[in-house]
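Chemist: Structure of the sequence below:
(one chain, ligands or ions: 2)
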Amino acid sequence: MPAAESTPQTLYDKVFQAHIVDERLDGTILLYIDRHLVHEVTSPQAFEGLEVAGRKVRRPDCTLATTDHNVPTTSRKALKDIASFIQEDDSRTQCVTLEENVKKFGITYFGLSDKRQGIVHVIGPEQGFTLPGTTVVCGDSHTSTHGAFGSLAFGIGTSEVEHVLATQCLITKRSKNMRIQVDGELAPGVSSKDVVLHAIGKIGTAGGNGAVIEFCGSVIRSLSIEARMSICNMSIEGGARAGMVAPDEVTFEYLKGKPLAPKYGSEEWERAVAYWKSLRSDPDAKYDIDVFIDAKDIIPTVTWGTSPEDVVPITGVVPDPETFATDAKKAAGRRMLEYMGLVPGTPMQEVEVDKVFIGSCTNSRIEDLRAAALVVKGKKIASNIKRALVVPGSGLVKDQAEEEGLDKIFVDAGFEWREAGCSMCLGMNPDILSPKERCASTSNRNFEGRQGAQGRTHLMSPVMAAAAAIVGKLADVRKISQFNGSPHIEAAVAPESTTFSGSSSSGKAHPDERIETDDTEKEALADQPQDSSPQVNTTVTHNSGSPAAAAGLPKFTILKGIAAPMEKANIDTDAIIPKQFLKTIKRTGLGTALFYEMRFLEQGVENPDFVLNRKPYRGAKILVCTGANFGCGSSREHAPWALNDFGIKSVIAPSFADIFFNNSFKNGMLPIPIKNKEDLEKVHAEAVAGKEVEIDLPNQLIKDADGNTLCSFDVEEFRKHCLVNGLDDIGLTMQMEDKIAEFESKMTRETPWLDGSGYLKRKGAGGKLAVKAAPVPKTNRGDVKTEPLEW
Ligand SMILES: CC(C)[C@H](C(=O)O)[C@@H](O)C(=O)O
Ligand code: SF4
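Modeler: Ligands and ions are numbered 1, 2, ... in the order given. Now for the predicted structure:
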C-alpha cells in the first residue's frame, strides 16, 4: 500500500501518487492504469494501431469492452447476432469490428445478448470493475462518472486508448486540485442532477480546466453512489479532467457482493476497505480552486441554451442576451436563442416540449428510473408529446426495473420502454430528434445538433423530465409530485412491491446480485464472439496497409501558412465533427466533415459566410480562435483528425479543453494556448487580414509573414521533444518495461484485488507480460528503435 506522505494530500493527490511508475524532471509522469473500459466508437483505430505494430494488449484482465453508442434500443427478442441486428452500415461495422477485436486480443466483452451489456459508465460500476483508489480510463469523456467511488477516472482519446492497451500506462501531468463543497440539505424535489447543473452554471464550462474536482460537503455525503455518479459524470461539462468523491460507508455498501469487487467478508475485502478508508483528503490539504455552494440555493434546474453552463431555475425566464457582460457573450446568446427557438423573458414553464428522453450515462440507473416512475405513476403523458423514451443504462438495470414493475408504470403512462444503450443522448443510433424538435432530456450535453440535426435539448433531472412528459412543457416537478426529500435519496431504496403498481419485486437488492459470482467467468466468456461464429462479419477487415496507421508522425518544427480567424468561445468537439462522422474505423478522410453544421447549409451546400469556405482560408494551416475553451465536450479524437485532414496543424486559442489538447499532440499537431489578450489579438489580426503566420516550435515563437515576432508561447518540454522529433510515445513507454513490471509486482503485493480477480485471470501476474516478446513495430510511427532510452 502506498506509504503516507508527510505533506497534507488531497484525495486526488493520494490516488495519483499511488500510480506513478516514473516521473521526469519536467513533471511528465508515467501513470499506471488499473481499469480500462472500451467501446466501439473510439477503439477501432487503436486496435488497428496495435495490430500494425505487432503489439498485444498488456492487461486483458483489466480491460472490459461493450457496445453502447451505436446499438439500436429496440427489442432484442429476434437478436441472432450483431451483424444482422444493426441495420445502419457504419454502426454495424463499428460494432462488428469491436467483436473482432475482443476476440483477437482476448478481452472480456458484454455483447447484445448479455444482460450485462449497457452504457460503458453504467456497467463498470455495476460489475465492481470500478473500485476506490483505482485509475480508470476509457475513450470517452464521461469516464469521470467513476470518480464517484474515489477513483481517478478520466476520458482519453483513441491514441491514448492504444497507449493503454499496449502499455497499461499513460503519459500525463499533475492536474490542479479543485474542491466543490456543497453544504446543507437538498430541498424536496431537488436531485443530484440539479446540484451539478447548478455547479456548472456557477463555474462555467471552462471552470474546471486543468483540474480534478473533489465534490464534498454534507450534501454529497448524504447522496447514494448513483447520485454521486450523476454529479461526477458531468464534471467534464465543467471543464474538469475528472470528478471525485471520497469513498465512505455508502461506497463500501454498494460494492458488497459485486462480481469484480473483493469478496465481501474475505480477508482481501477487509484489506481493501482499510485502504479505501485512507483515501480521504487530509485536513490541511490545499486546493488551487475552492467553490462553496449552499444547498438552499439549488432548486430544480434546466438549461436554456446550447452549452451546459446555460442554466436557469425552472421558476425563471429565458434570459435576455442584451444583459450579458461582453459583446461576444451577447452575440453568442442571440445565436443560442435563435437556435433554441426561444424569446427572452418567456417563463421556462411555458416552453412546450416535443420529446422526452430519460436515459444516458448521467441518469439511466435504477434510482433514476425509480424516481421518474414515482412522478409518472398513474398519470399519462401530455397529448403534445410525440415520443417519450425510457432507456435503462444496462440490461441488468432493465431487468431490475421490470422486477419492480417500473416498465409497466412508464408504458401505462405512454412512454416507450427500451433496451440499453446511449440512445438519444447523442443519436448515433436510430433514436434522434427531428429538426427543431424540443427535448426534455436527462442527458449531459445540449450542444447544437447533439440529439439530431437542429434538435433542441434542455437538460434536467429524471423527475423533471418525467414532469415535462406529463405536463407537455418544461415543468416544476414540485407542483405535480410530493417529495419528502431529494428524489435521489428517496429512490436509493428499492420500493416494496406494493409501492409500484404491477410490481413483482423479488426483493433482490441490486441488479448484478443476480449473477452468481462463481459463474461470472463462464458467463463472460460465453458471450465472447467465437471464431466460427457467423456473427462476426468477415467482410470487415483491418487494413494493415492503411496510410494513416503506417504513416507515422511527421516532425513538427516550423509551420507557415494562412491562419483562419474564429471568435466563438466553447467550440465543442460535437461542432468540430458531429456524431454522424464518428462511425468510421479509420483515422483519415474526415476533413470534409470538419465543422460540418457550420460549414454547410442544408443539403451539403457550402455556407458562404463560414470562414473556411472563404478565400484565402480554404487552405488554412492554422486556426486562431479568440474564444476560450476550444475543443470542449466529447473525447472524440475525430476532432483533431478532421482538422488535420483538412490541413490545419495548429490551433491557437486562449485555452483548450484537456482531452482535445492531449489528442492534438498525439497526432503531431500543436495547440497553442495564449492567455495574453494583446498577444492573441496580434495573431488574430494577421489572420483577419488573410496573411500568413509562422509558428516556430523550436524557438517557441509566432511570427508574421515577414518574420517579425508577434509573440512567444509556452509548450511542455516533453511534448515539444516528441513533436520536433516525430516520436511515437507508445514505443517510448514500452522501453520502460522494467519499471512497469516492477510497479505491477508492487501492486500485486499491495492491492492484489486489482489483478483481474474476476472474469479473466491475469496471466503471469507479477512477472513480465507478453509485451516483451512482441515483435519490433512494423510501423514507422516514430523512431522508437533509434531514440535514447528516454521518454
Ligand atoms: C463517442 C465518444 C467519444 C463521446 C465522448 O467522449 O463523450 C460520446 O460518448 C459523447 O458523449 O459525446
Ligand atoms: S454521454 Fe451519452 S453518448 Fe456519451 S457515453 Fe454517455 S450516454 Fe453514451
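Chemist: The most far-flung residue of the chain relative to its centre: what's it in contact with?
Modeler: When distances are taken from the C-alpha mean of the chain, Asp706 lies farthest, 42.9 Å away, according to Cα atoms, centre = their mean. By Cβ atoms under 8 Å, 6 or more residues apart in numbering, no residues touch Asp706. Every C-beta, even on glycine, is put in place using the N, C-alpha and C of the backbone.
Chemist: List phi and psi for it.
Modeler: phi -90, psi 10 (degrees, to the nearest 10).
Chemist: what's the answer for Ala653, then?
Modeler: Dihedral angles for Ala653 - degrees, to the nearest 10 - are phi -160, psi 160.
Chemist: Please tell me how far the biggest helix by length in the chain is from the chain's geometric centre.
Modeler: In the chain, with assignment by DSSP state H, the single longest helix is helix 89-105. Offset of helix 89-105 from its chain centre (Cα atoms, centre = their mean, to the nearest Å): 21 Å.
Chemist: Contact residues of this protein facing ligand 1?
Modeler: 41-42, 69, 140-142, 155, 426, 582, 634-636 (Cβ under 6 Å from any ligand atom).
Chemist: In strands, which of the residues you listed fall?
Modeler: Of the residues of the chain next to ligand 1, the ones assigned to strands by DSSP state E are Gly155.
Chemist: Just send the residues of the chain next to ligand 1 back as JSON lines, with pLDDT and neighbour count too.
Modeler: Putting these into JSON lines (pLDDT from 0 to 100; neighbours: other Cβ atoms under 10 Å) gives the following:
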{"residue": "Val41", "pLDDT": "98", "neighbour count": "30"}
{"residue": "Thr42", "pLDDT": "98", "neighbour count": "26"}
{"residue": "His69", "pLDDT": "98", "neighbour count": "25"}
{"residue": "Asp140", "pLDDT": "98", "neighbour count": "30"}
{"residue": "Ser141", "pLDDT": "98", "neighbour count": "28"}
{"residue": "His142", "pLDDT": "98", "neighbour count": "29"}
{"residue": "Gly155", "pLDDT": "98", "neighbour count": "24"}
{"residue": "Leu426", "pLDDT": "95", "neighbour count": "25"}
{"residue": "Leu582", "pLDDT": "97", "neighbour count": "24"}
{"residue": "Ser634", "pLDDT": "97", "neighbour count": "30"}
{"residue": "Ser635", "pLDDT": "97", "neighbour count": "31"}
{"residue": "Arg636", "pLDDT": "97", "neighbour count": "29"}
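Chemist: just for the stretch 601-750 of the chain, where's the confidence low?
Modeler: The stretch 601-750 of the chain contains no residues with pLDDT under 70.
Chemist: Show me which residues of the longest helix of the chain are buried.
Modeler: For helix 89-105, the neighbour count (16 or more other Cβ atoms under 10 Å) marks 90-105 as buried.
Chemist: do the same with stretch 691-709
Modeler: For stretch 691-709, burial by neighbour count (16+ other Cβ under 10 Å) applies to 692-697, 701-704.
Chemist: How about stretch 362-381?
Modeler: For stretch 362-381, the neighbour count (16+ other Cβ under 10 Å) marks 362-377, 379, 381 as buried.
Chemist: so how far does it reach from one end to the other?
Modeler: One end of stretch 362-381 sits 23 Å from the other (Cα to Cα, to the nearest Å).
Chemist: That one vs ligand 2: in contact?
Modeler: No. Using Cβ under 6 Å from any ligand atom, we find that stretch 362-381 stays clear of ligand 2, coming within 6.9 Å at best.
Chemist: now stretch 29-45
Modeler: No. Stretch 29-45 does not reach ligand 2 (Cβ under 6 Å from any ligand atom); its nearest approach is 7.6 Å.
Chemist: C-alpha coordinates for that stretch, CSV please?
Modeler: Taking C-alpha atoms only, stretch 29-45 is exported to CSV below (Å, rounded to 0.1, in the frame of the first residue of the first chain):
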residue,chain,number,x,y,z
ILE,A,29,4.6,11.3,-15.4
LEU,A,30,4.1,7.7,-16.5
LEU,A,31,0.9,6.8,-14.7
TYR,A,32,-0.3,3.2,-14.2
ILE,A,33,-3.9,2.5,-15.2
ASP,A,34,-5.9,-0.1,-13.2
ARG,A,35,-9.0,-0.3,-15.3
HIS,A,36,-9.7,0.3,-19.0
LEU,A,37,-13.2,0.3,-20.4
VAL,A,38,-13.6,0.0,-24.2
HIS,A,39,-16.5,0.8,-26.5
GLU,A,40,-16.9,0.5,-30.3
VAL,A,41,-16.6,4.2,-31.3
THR,A,42,-13.2,5.1,-30.0
SER,A,43,-11.4,1.8,-30.2
PRO,A,44,-11.2,0.5,-33.8
GLN,A,45,-8.2,2.7,-34.8
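Chemist: Report the distance from that stretch to the chain centre.
Modeler: Centre to centre, stretch against its chain (Cα atoms, centre = their mean), the figure for stretch 29-45 is 12 Å.
Chemist: ditto for stretch 563-570
Modeler: 24 Å.
Chemist: again, but for stretch 344-364
Modeler: Remark: stretch 344-364 is offset 22 Å from the chain centroid, using Cα atoms, centre = their mean.
Chemist: do the same with stretch 253-267
Modeler: That offset, for stretch 253-267, works out to 27 Å (Cα atoms, centre = their mean).
Chemist: on that earlier part again, and which of the buried residues of helix 89-105 is nearest to ligand 1?
Modeler: Gln94 (10.2 Å; Cβ to the nearest ligand atom).
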